[in-house]
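S.K.: Structure of the sequence below:
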Amino acid sequence: MQVELLSIGVDVGTTTFHFVVNRLFVGPKAAGRGLPRYELRGFEEVCKSPVFFTPYTRGEAAIDEDRILELILLEFERFDISPADVQTGSVIVTGEASRKENADRIIASLSGLFENLVSTVAGPKLESLLAAKGAQVDRRSKELFKTIVNVDIGGGTSNIGAFRNGKNIGLACLWIGGRMVRLDQEGCASGMTEAAQAVCEAEGLRACGGAGAEGLDVERFVDAVAGYLLDFIHSRPIPERLVEFDELPKAPWRYDEISFTGGVGQLMQGPACGVGGSVQFFDIGPLLAEKLKDRCISERVYASPIECIRATAIGVGVNNLQLSGGTVFASDPGMLPLRNVPAVNIEIDAFDIECIAREMELAEAPHEGAGLLAYYFKIQGALGYNDMAKLSELVLQRMRLAGRSSAIVVFNKDIGKIFGYHTANACRRASEVKILSVDGIELDDNTYLDFGVFLPGGALPVTAKTLYF
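M.R.: Purely as a prediction, here's the structure:
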């Protein structure tokens, strides 16, 4: 049975914010031993907002969350859609916006507006991954057996994701974007970021510190920034202060194509405008797009079929979702949805309950005091009946020691339902304990989880993410 659901992707960035609503098509697929699994079969766009400038208050110290909610509601009214119609989706606060003092409140406000929102996320690693997926770089690299790099350039950062044959092979983030330097009505520099000051120091360019940037040779500055961006992708050194993190493959490595998304990527598809044309945005975005186009003449540039500036919003609304189903156990479905549940990873090769107990204790330590915690058991072999009973008792013991009233367990193997029954039987006298046991999910380290509500047919939307505030 195929299920249709509306999903929203909201991207609140340094310079702009916007959203996309898609209709997702979800259905069962064949799995080992006949156990049901669910997959995303496709999606189609329902509506999209205009690209708004991100509103700020108090001299750009905080995001104007009331104005963002107002604009979203006005657009929903224009499209004749109710927020209650949205069944899943994600919000991502990106770039410099994610570092504003009320970034977490923006996420909370939007979660209140869309009650079934699966995920509220922020973070450069996830942004790098989802922008590339939104641009369909992963799909293209798989279909053509190529290595493709996507560079999503926004107002404050450039998020980079590399894919080889459909698999992510590296991520990175640079403090390079269209709002590094702000311009006045004459096209002269009027302010700059700390990263822009680092460029000035490296290039010997004259510029005042702090908010002032008088006397800056804007064109020379932007040419240097474009060079640094491509140098980084080609594994050449750039000023350390421009790098937030670097997990790209180490030199020597090569790619077949490069793709540009984000606001600057969108501008790269338009005509050149020069310094004067940058005044329309009061930043260096248009000029940076022009310099990158000039420097990429010898590159094989892949032009994504999607609207470049919306790559991240599409990515969070479509790709930031896993589906568990068929063998899920929830003692009380009313406990869902759950958001921002830290997950600790425990690998089980040979079953040794004492060793597992020690690993769980160590993994829990950084999350002491967390109201909820999910154990992710990555099992290499098989668990016997007695092993599962012992593991159930251990999970309940750890939960009670921490004073938690919910046991949340995630597996890579199809044992979620049977483990849930084991655990429920082990604590049948403690009716206040809630149990959620989910399987068929793949997680990395340092992950937080959002669990949605059950869809018709039994699928449970789950989002894995990394939070950075």
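
S.K.: So which elements touch the strand ranked longest in the chain?
M.R.: For the chain, the strand with the greatest residue count under DSSP state E is strand 16-29. Under the contact criterion of 3 or more Cβ pairs under 8 Å, 6 or more residues apart in numbering; DSSP states H and E, strand 16-29 touches strand 3-12, strand 37-48, strand 52-53, helix 65-79, helix 311-314. The C-beta positions use only the backbone N, C-alpha and C, and glycine is treated the same way.

S.K.: Find the least confident helix or strand in the protein, judged by mean pLDDT.
M.R.: helix 274-277 (a mean of 47; mean pLDDT, DSSP states H and E).

S.K.: Can you give the distance of the helix or strand just after it from its chain's centre?
M.R.: Helices and strands here follow DSSP states H and E; after helix 274-277, the next one along the chain is helix 285-295. Centroid separation between helix 285-295 and its chain, computed with Cα atoms, centre = their mean, to the nearest Å, is 26 Å.

S.K.: wait, residue 360 sits on residue 399?
M.R.: No. In this structure residue 360 lies outside contact range of residue 399 using Cβ atoms under 8 Å: 10.4 Å.

S.K.: who are the neighbours in contact with the nearest residue to residue 250 once chain neighbours are set aside?
M.R.: Spatial nearest neighbour of residue 250, excluding adjacent residues (Cβ to Cβ, 6 or more residues apart in numbering): residue 235 at 7.0 Å. Counting by Cβ atoms under 8 Å, 6 or more residues apart in numbering, residue 235 touches 248, 250, 251, 252, 253.

S.K.: residue contacts, the third one?
M.R.: I take that to be residue 251. residue 235.

S.K.: Would you state the strands of the stretch 251-400 of the chain in chain order?
M.R.: Secondary structure of the stretch 251-400 of the chain (DSSP state E, counting those that start in this stretch): strands located at 257-261, 322-324, 329-330, 338-348, 374-379.

S.K.: quick one: the helices in this protein?
M.R.: According to DSSP state H, the chain carries its helices in the segments 65-79, 103-113, 124-134, 137-144, 194-203, 218-233, 262-268, 274-277, 285-295, 311-314, 353-364, 385-401, 416-426.

S.K.: so which of these is the most packed in?
M.R.: helix 311-314 (a mean of 31; mean count of other Cβ atoms under 10 Å).

S.K.: could you give the mean pLDDT of that one?
M.R.: Computed over helix 311-314, the mean pLDDT rounds to 74.

S.K.: ditto for stretch 51-69
M.R.: Throughout stretch 51-69, pLDDT has a mean value of 89.

S.K.: Give the buried residues for that stretch.
M.R.: In terms of neighbour count (16 or more other Cβ atoms under 10 Å), stretch 51-69 has its buried residues at 51, 52, 54, 55, 62, 63, 64, 65, 68.

S.K.: Which two among those residues are spaced furthest apart?
M.R.: Farthest apart among the buried residues of stretch 51-69 by Cβ to Cβ are 51 and 62. That separation is 21.0 Å.

S.K.: any weak-confidence spans in this structure?
M.R.: 1, 29-39, 118-122, 207-214, 271-281, 319-321, 325-326, 428-432, 444-446, 466-469 (pLDDT under 70).

S.K.: Just the C-alphas of stretch 125-135, formatted as PDB.
M.R.: Taking C-alpha atoms only, stretch 125-135 is exported to PDB below (Å, rounded to 0.1, in the frame of the first residue of the first chain):
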ATOM      1  CA  LYS A 125      27.700  18.800   8.600                       C
ATOM      2  CA  LEU A 126      24.100  18.000   8.000                       C
ATOM      3  CA  GLU A 127      23.700  21.100   5.900                       C
ATOM      4  CA  SER A 128      26.600  20.000   3.700                       C
ATOM      5  CA  LEU A 129      25.000  16.600   3.200                       C
ATOM      6  CA  LEU A 130      21.500  17.700   2.600                       C
ATOM      7  CA  ALA A 131      22.300  20.500   0.200                       C
ATOM      8  CA  ALA A 132      24.100  18.000  -2.000                       C
ATOM      9  CA  LYS A 133      21.200  15.500  -1.800                       C
ATOM     10  CA  GLY A 134      18.700  18.300  -2.500                       C
ATOM     11  CA  ALA A 135      20.700  19.100  -5.700                       C
END
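
S.K.: and that stretch, how far out from the chain's middle?
M.R.: 7 Å.

S.K.: repeat for stretch 333-353
M.R.: The answer for stretch 333-353 is 20 Å, by Cα atoms, centre = their mean.

S.K.: The spatially most central residue of the chain and residue 316, how far apart?
M.R.: Centroid-nearest residue in the chain, with Cα atoms, centre = their mean: residue 126, separated by 3.2 Å. Going from residue 126 to residue 316 by Cβ to Cβ, to the nearest Å gives 8 Å.
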